[in-house]
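Enquirer: I need the structure of the sequence given here:
(chains A and B)
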Amino acid sequence: EAGVTQFPSHSVIEKGQTVTLRCDPISGHDNLYWYRRVMGKEIKFLLHFVKESKQDESGMPNNRFLAERTGGTYSTLKVQPAELEDSGVYFCASSQDLGFSTYEQYFGPGTRLTVT
Amino acid sequence: GEDVEQSLFLSVREGDSSVINCTYTDSSSTYLYWYKQEPGAGLQLLTYIFSNMDMKQDQRLTVLLNKKDKHLSLRIADTQTGDSAIYFCAERRYSSASKIIFGSGTRLSIRP
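Expert: Predicted structure coming up:
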């Protein structure tokens, strides 16, 4: 079974440009999450989809970030226009359910975004 | 607050034990996790402990939880070169089930 995949693995763009990151969750996982790690700091939650609906977007930093999950399968995270402080590693994760039995969020390898 | 804190670096000799420490602030934490990130790879769940437990052992890994002090530790016995990675402490709270709250990560390096 394929794990969570992310594309691209690395993106270098100039300030003011637009970048779109893609995440393909594990097949059958309704829950999809975006996180990011900026400047070697903590990994911070951005948002959570349940199928195509945004369940929790409390971590989205500002309106330059737009996440979508049309059809409830893959998700995209667009940054427009990108700023220097957006540089970091963007992780995607997916999980099967949210039950409080042990559940695991499976993480992808991340997309390293560098804004120059 | 949302702080999960851990030291940034740890260096140990191969074969010794590594102990990575973490503190968290929210007493409503339900699950506490240790994730491992190897170079170029995603985050791998190493182990977890439920908040009503004091200790969990899994082969070379021992997790200790002091709920009173909100302190979590990960002990790796007989540390090997393959253990070189960044280790993230994380928590999940009943009040916000969606998200996992991470620390900044501890980079473990192994010296011969």
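Enquirer: can you list the residues that contact the helix or strand bottoming out on mean pLDDT in chain B?
Expert: Ranked by mean pLDDT, DSSP states H and E, the helix or strand of chain B with the weakest confidence is strand B:96-102, at a mean of 84. Taking contacts as Cβ atoms under 8 Å, 6 or more residues apart in numbering or on different chains, the residues outside strand B:96-102 that touch it are A:33, A:35, A:42-45, A:48, A:55-56, A:58-59, A:98, A:100, A:105, B:2, B:4, B:24, B:33, B:35, B:88-93. Where C-beta positions appear, they are placed from N, C-alpha and C, glycine not excepted.
Enquirer: Render the CA-only coordinates of that strand in CSV, please.
Expert: Extracted C-alpha coordinates of strand B:96-102, given in CSV (Å, rounded to 0.1, in the frame of the first residue of the first chain):
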residue,chain,number,x,y,z
SER,B,96,-8.9,19.6,19.8
ALA,B,97,-8.8,16.1,18.4
SER,B,98,-7.8,17.2,14.9
LYS,B,99,-4.4,18.3,15.5
ILE,B,100,-1.2,17.0,16.9
ILE,B,101,0.9,19.6,18.7
PHE,B,102,4.6,19.1,18.2
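Enquirer: Pairing partners for that strand, with directions?
Expert: Sheet pairing for strand B:96-102, assigned by DSSP bridges, gives strand B:85-93 (antiparallel).
Enquirer: Pull out the buried positions in the partner strand.
Expert: B:85, B:86, B:87, B:88, B:89, B:90, B:91, B:92, B:93 (16 or more other Cβ atoms under 10 Å in any protein chain shown).
Enquirer: With the flanking residues excluded, which residue is spatially nearest to residue B:105?
Expert: Excluding its sequence neighbours, the residue lying closest to residue B:105 (Cβ to Cβ, 6 or more residues apart in numbering or on different chains) is residue B:86, at 4.3 Å.
Enquirer: ok now do the one you found, which residues does it touch?
Expert: Residues counted as contacts of residue B:86 (Cβ under 8 Å, 6+ apart) are B:36, B:37, B:105, B:106, B:107, B:108.
Enquirer: Can you flag the buried ones in the residues you listed?
Expert: Neighbour counting with 16+ other Cβ under 10 Å marks B:36, B:37, B:105, B:106, B:107, B:108 as buried within these.
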